[in-house]
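**Student:** here's my sequence, what's the structure:
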Amino acid sequence: MRFLHTSDLHIGKVVNGFSMLEEQKYVLRQITEIAQTRRVDAVFLSGDLYDRSVPSAQAVSVLDEFLTGLIDAGIPVFAIAGNHDCGERIGFANRILEKRGLYIEGTLKDPVAYVDMESGGEPVRIHMIPYAKPVEVRAFYQCEAVTYEDAMQELLKHIAYRSGGANILLTHQFVVDHGKEPELSDSETRVSVGGADQVEAANFKAFTYTALGHIHGCQQIGDPSVCYSGSPIKYSFSEVQHQKGVILGEVQAGKLHWETIALYPLHDMRKIRGKLADLICEQVVDAADAEDYLLAVLTNEEELIDPIGTLRSVYPNVMQLQLERSIREEQNVRQYVNELKEKTPNELFEDFYLHVMGKELSEEQRAVAVEAIEEAKEEMR
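**Tutor:** Reported below is the predicted structural model:
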């Protein structure tokens, strides 16, 4: 069986005030073309189909066009809800849609929803676990799951594994390898307290392949059979070094092989740095696509009049502007704050006295200060 794995489409996303819909339509057409030319048996969408739980009408139309194109080409699609999706909404009419080859799971099932397929004599069972918080797992299965790890272990108890064939899982979670986190970016949404959202990759060792969603960089986590496809589009400047793509996988005789197929944006997301006059000179502007989405870092020390307007006169899609001198000042402030955190109350008082009086504490003054600080600590306990 040959499959294409992607996730985190975030259709309808707006980045720094710029709609990504045209970018998304452009890259989704590439995915459809890859699926057809590579003759895949299935496409996996591992969550965050939309960017919002209540998507715009335009976003719904874009996803509809994408899914319709795949189904009309005779390619079954398997999709689950992510943390940005409303499971009940994306799962609407799923039992009817299954007759056309579109399998969407938005809410929990018991047993976990699955579909059996066969390609080239290779039997495969595809299991789909939509994103669910521990409180939802507790309520649905009447268990005591507290963390996401607890919840996943409970969910896996309700998997109907297929014997004598491959088992593939789609899920949308923050998966780690013995506590080691995957490579992260700024565009991912996490709510983590003490690692409570972490799920260990070792939980998925029973599956031939685990198609993960949630993290925006393509990467395996732990075993090579546990993979994040990453998002098909760059959604933050922390992703400028990413080569976006989809995972093309194949399961044959119980063995897995996969590779990444590159996707190319309509307009890239990148950073430029230099003096304002240099960045807007014709030679620099013509060196790359002037309509790329840009973070511009200006190295000018002097005050500038309307630098963003000047940049946008040649780079219409400047998303962010930073002044290097402001970055340095912010770094200095952060460093100073970090240094303060490392000092004891006694050291902080000595620094304060030196700053105000212009001289250091005497031994007698230091002893009085230490005594006063200790008394204050006792009163606070």
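**Student:** show me what the residue nearest to Leu323 when sequence neighbours are not counted bridges to in the sheet.
**Tutor:** Leaving out its chain neighbours, the residue that sits closest to Leu323 by Cβ to Cβ, 6 or more residues apart in numbering is Leu298, at 5.4 Å. Bear in mind the C-beta positions are built from the backbone N, C-alpha and C, glycine included. Beta bridges link Leu298 to Gly274, Leu323 when assigned by DSSP bridges.
**Student:** list the contacts for Leu298?
**Tutor:** Leu298 makes contact with 273-276, 279, 304, 307, 321-324 under the criterion Cβ atoms under 8 Å, 6 or more residues apart in numbering.
**Student:** same thing but at 10 Å, please
**Tutor:** By Cβ atoms under 10 Å, 6 or more residues apart in numbering, Leu298 lies in contact with 272-276, 278-279, 304, 307-308, 311, 321-326.
**Student:** of those residues, buried ones?
**Tutor:** Using 16 or more other Cβ atoms under 10 Å as the burial test, those include 272, 274, 276, 279, 307, 311, 321, 323 as buried.
**Student:** doesn't Ala35 make contact with Val246?
**Tutor:** Yes: using Cβ atoms under 10 Å, Val246 is in contact with Ala35, at 8.6 Å.
**Student:** got any residues that touch both of those two?
**Tutor:** Shared contacts of Val246 and Ala35 (Cβ under 10 Å, 6+ apart): 4, 6, 43, 261.
**Student:** of the residues you listed, which pair is most distant in space?
**Tutor:** With Cβ to Cβ as the measure, no two of these lie farther apart than Val43 and Ile261, at 12.4 Å.
**Student:** shared neighbours, those two?
**Tutor:** 4, 6, 31, 34-35, 246.
**Student:** could you check how far Leu169 is from Thr344?
**Tutor:** As judged by Cβ to Cβ, to the nearest Å, Leu169 and Thr344 stand 51 Å apart.
**Student:** helices and strands of the chain: which one bottoms out on pLDDT?
**Tutor:** helix 324-342 (a mean of 66; mean pLDDT, DSSP states H and E).
**Student:** just the CA trace of stretch 196-215, in CSV.
**Tutor:** Below are the C-alpha coordinates for stretch 196-215, written out as CSV (Å, rounded to 0.1, in the frame of the first residue of the first chain):
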residue,chain,number,x,y,z
ALA,A,196,1.4,17.3,30.9
ASP,A,197,0.6,17.4,27.1
GLN,A,198,3.4,15.0,26.2
VAL,A,199,2.8,11.6,24.7
GLU,A,200,5.7,9.1,24.4
ALA,A,201,6.5,7.7,21.0
ALA,A,202,7.0,4.2,22.5
ASN,A,203,3.2,4.0,22.8
PHE,A,204,3.0,3.4,19.1
LYS,A,205,5.4,0.5,18.6
ALA,A,206,2.5,-1.8,17.7
PHE,A,207,1.8,0.2,14.5
THR,A,208,3.5,-0.2,11.2
TYR,A,209,3.3,3.5,10.7
THR,A,210,2.0,6.4,12.9
ALA,A,211,1.0,9.5,10.9
LEU,A,212,1.3,12.4,13.4
GLY,A,213,-0.1,15.9,13.2
HIS,A,214,0.5,18.9,15.5
ILE,A,215,4.1,19.9,14.9
